[in-house]
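Student: coords please:
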Amino acid sequence: MPKPRKSAFAHLQTKGRLAMVVATLGLLLAGCAETQLAVHGVKRLGGQAQPTQIGNYKIGNPYEIAGQWYYPAVDYEYTETGIASWYGPKFHGKKTANGEIFDQYEVSAAHRTLPLPSIVRVTNLENGKSLKVRVNDRGPFAHGRIIDMSRRAAQLLGFERKGTAKVLVEVIEAESRQIAAIAQGKAAPAVTVAEQNTVSAAPRDVVETVRLDDAPPTESSTPTTSQVKLAPPSSSASVKAEPLDGVVEEAAVVEVTPVAPSSIYVQAGAFSIYDNALNLRNRLYELAPSKIEPIEVKGTTFYRVRLGPLETVPEADILLERVIATGQNGAKVVVECADGGAATSGC
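Tutor: Numbering: from 1, shown residues only. A predicted model of the protein is given here:
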């Protein structure tokens, strides 16, 4: 005997119930996801928002990259000027040097020698923007760069599209000690109320979804008219722009302060004996205009040999490679104020 066929109305009722079940299940799953995000995003220690990742505490042994030795160490007096770059898509989702998962949408940075993690203030000497950043990775290893920012950090500091910027990097001692203690599983050192604002290099209690459509363009290949005539490379590696979606933190605080004009130099070396500095300057005389600058460091006078000034990062890169080719492996790119003063306070 054939089974009675369901009416069209019965079919609609069945489909309606299935749709309701699916919708309810979807809401429950969405609710779970939101709960997980909230728990993940508001991790707090002592009532203070903390980075969702802290990773292992790491200093590390001396290491060599491309003939250059680096000596990781605790240095709470660290301050340096130079050129910052940024990294993102190629490393997104991979492990950092201290075991975290690199997230280009969080505020973080890579440094060659500072303990991991550390907290530094990075000031863009071109626009006055500054930001506290958690250092959780090793790098950059390109000559002429002192710090590699995450894509989000570069965006907040205003140099994502340009790709590089003149910066001042300063360790923040109290917060570096605090986050180091947390990473080692110790009780965080007591801090003052004024210091409690910012072991938050990457808090995520406030989030939003953004679209980052543009990778950093390469520097212009047009020769400049600075005092040092250096033709930039005829071609540069292109960067493929890939639309990327992600959740980014918005709790990072960007401060803006006035900055004076600054210039780029290549520092070929620093010596405690003036004659050694003079000999090096004489050897590099034909490469570019140069000068010898004395500086006091913990009661000792050092004489720095600097070449420049240069107007662009590509010029500095070329001159740096030429200086390194003479055997000065410790040469680096530095930034100083136009009046000759060190850029230790945003010029």
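Student: For Q328, give its distance to E160.
Tutor: Here Q328 is placed at a distance of 32 Å from E160 (CB to CB, to the nearest Å). The way it works is simple: take the backbone N, C-alpha and C, and place the C-beta from them, glycine included.
Student: And for R121?
Tutor: The gap separating R121 from E160 is 19 Å, by CB to CB.
Student: and if you look at G93?
Tutor: Relative to E160, and taking CB to CB, G93 is found at 19 Å.
Student: Next: K58.
Tutor: Using CB to CB, K58 is found at 28 Å from E160.
Student: Point out where the stretch 51-200 of the chain drops to low pLDDT.
Tutor: For the stretch 51-200 of the chain, the stretches with pLDDT under 70 are 51-52, 187-200.
Student: Which parts of it are strands?
Tutor: Using DSSP state E, counting those that start in this stretch, the strands of the stretch 51-200 of the chain run over residues 63-65, 68-70, 79-87, 108-110, 118-124, 129-137, 147-150, 165-171.
Student: among those, which is nearest L319?
Tutor: Comparison of the strands of the stretch 51-200 of the chain against L319 by CB to CB identifies strand 79-87 as nearest, at 12.6 Å.
Student: Just the buried residues of that closest one, please?
Tutor: Across strand 79-87, burial judged by 16 or more other CB atoms under 10 Å covers E80, T81, G82, I83, A84, S85, W86, Y87.
Student: Now for those residues: which two are most distant?
Tutor: T81 and Y87 (20.2 Å).
Student: Give the other helices and strands that whichever strand or helix holds L280 contacts.
Tutor: For L280, the element it lies in under DSSP states H and E is helix 274-283. The contact analysis (3 or more CB pairs under 8 Å, 6 or more residues apart in numbering; DSSP states H and E) places helix 274-283 against strand 262-271, strand 290-297, strand 300-310.
Student: now it against strand 262-271, angle please.
Tutor: Interaxial angle, helix 274-283 versus strand 262-271 (axes from the mean of the first three to the mean of the last three CA atoms, to 10 degrees): 120 degrees.
Student: so how far is S272 from the closest residue to T301 other than its chain neighbours?
Tutor: Excluding the flanking residues, the one nearest T301 by CB to CB, 6 or more residues apart in numbering is P294, at 5.5 Å. Distance, P294 to S272, by CB to CB: 10 Å.
Student: again, but for T113
Tutor: Taken as CB to CB, the span from T113 to S272 is 21 Å.
Student: so how far does stretch 106-115 reach from one end to the other?
Tutor: One end of stretch 106-115 to the other measures 19 Å (CA to CA, to the nearest Å).
Student: Same check on stretch 74-91?
Tutor: First residue to last in stretch 74-91 (CA to CA) measures 26 Å.
Student: Kindly report the same for stretch 324-336.
Tutor: The first-to-last residue distance of stretch 324-336 comes to 21 Å (CA to CA).
Student: same thing with stretch 97-106?
Tutor: Stretch 97-106 has an end-to-end distance of 16 Å (CA to CA).
Student: ok, now stretch 113-128?
Tutor: OK, stretch 113-128 end separation, CA to CA: 25 Å.
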